[in-house]
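Undergrad: return atomic coordinates for the entry below.
(one chain, ligands or ions: 1)
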Amino acid sequence: MIKPIIAYGNPVLRKVAEDIDKTYPEIQTLIDDMFETMYASDGVGLAAPQIGLSIRLFVIDAEAFVEDYPEAKGFRKAFINPHVIETNGEEWLFNEGCLSFPGIHEDVSRPANVTLKYLDENFVEHTETFTGICARVVQHEYDHLDGKCFIDHLSPLKRRMLQRRLNAISEGKVHPKYKIKFFKK
Ligand code: NI
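TA: Model prediction:
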């Protein structure tokens, strides 16, 4: 089932999300729904807070990048309870967007590599290092679980320049092609 994407301005995007355990109800359905929602909005990643759930879960399918970034081949995965062990390597810039920020794309600098501990959809633990575009998408989605968004990585000047457009999003004045839920007081 396709879920509406939570737009910037909703406090759920600013909460630190909680680990879950095997008793979490219908986790496989939730993961399937997150992939379906992500594909319906042409995203390459989606974190649970973006559908209003403050739990440590995100899904990624980076195959769309494969032409420019061969490491993206077959990179389709759900991450449960991910925790970063380390990031390293040289920072590089990439033009990022986010389904919770329709229409905004900005260059963001992030380290080249990230090592994560996480559970797969069968609750089997993995420790894995991601590089290149895979590390990029993982770090973007992971930020959502810590209540961070990609705009937090921009300079104060850049953010000031975006302020009107950010306000427009939080006020529900943008119209993306996908289902979105604006925050209303
Ligand atoms: Ni995002």
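Undergrad: what's around Lys184, how many residues?
TA: 9 (other CB atoms under 10 Å). For the C-beta atoms, the positions are set from N, CA and C on the backbone; glycine is no exception.
Undergrad: now it, nearest residue through space, not along the chain?
TA: Gly172 (7.3 Å; CB to CB, 6 or more residues apart in numbering).
Undergrad: just the CA atoms of the strand of greatest length in the chain, as CSV, please.
TA: Longest strand in the chain, counting residues (DSSP state E): strand 76-88. Listed next in CSV are the C-alpha coordinates belonging to strand 76-88 (Å, rounded to 0.1, in the frame of the first residue of the first chain):
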residue,chain,number,x,y,z
ARG,A,76,18.3,-2.9,-2.9
LYS,A,77,17.9,-3.4,0.8
ALA,A,78,15.9,-2.9,4.0
PHE,A,79,17.8,-1.8,7.1
ILE,A,80,16.4,-2.5,10.5
ASN,A,81,18.0,-0.9,13.6
PRO,A,82,20.9,0.5,11.7
HIS,A,83,23.7,2.1,13.8
VAL,A,84,26.7,3.8,12.3
ILE,A,85,30.0,2.3,13.5
GLU,A,86,32.2,4.7,11.5
THR,A,87,32.4,7.0,8.6
ASN,A,88,35.7,7.7,6.8
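Undergrad: Leu61 against Phe75, yeah?
TA: Small correction: residue 61 is Asp, not Leu. Yes: between Asp61 and Phe75 a contact is recorded at 7.2 Å, counting by CB atoms under 8 Å.
Undergrad: ok, back up a step: helix or strand right after the longest strand of the chain?
TA: Per DSSP states H and E, strand 76-88 leads on to strand 92-96 as the next helix or strand towards the C-terminus.
Undergrad: so the residue nearest to Lys184 touches Pro102, yeah?
TA: No: look at Gly172 against Pro102 with CB under 8 Å: they stay out of range, at 10.9 Å.
Undergrad: more neighbours, those two?
TA: Between Gly172 and Pro102, counted using other CB under 10 Å, Pro102 has the larger neighbour count: 20 against 14.
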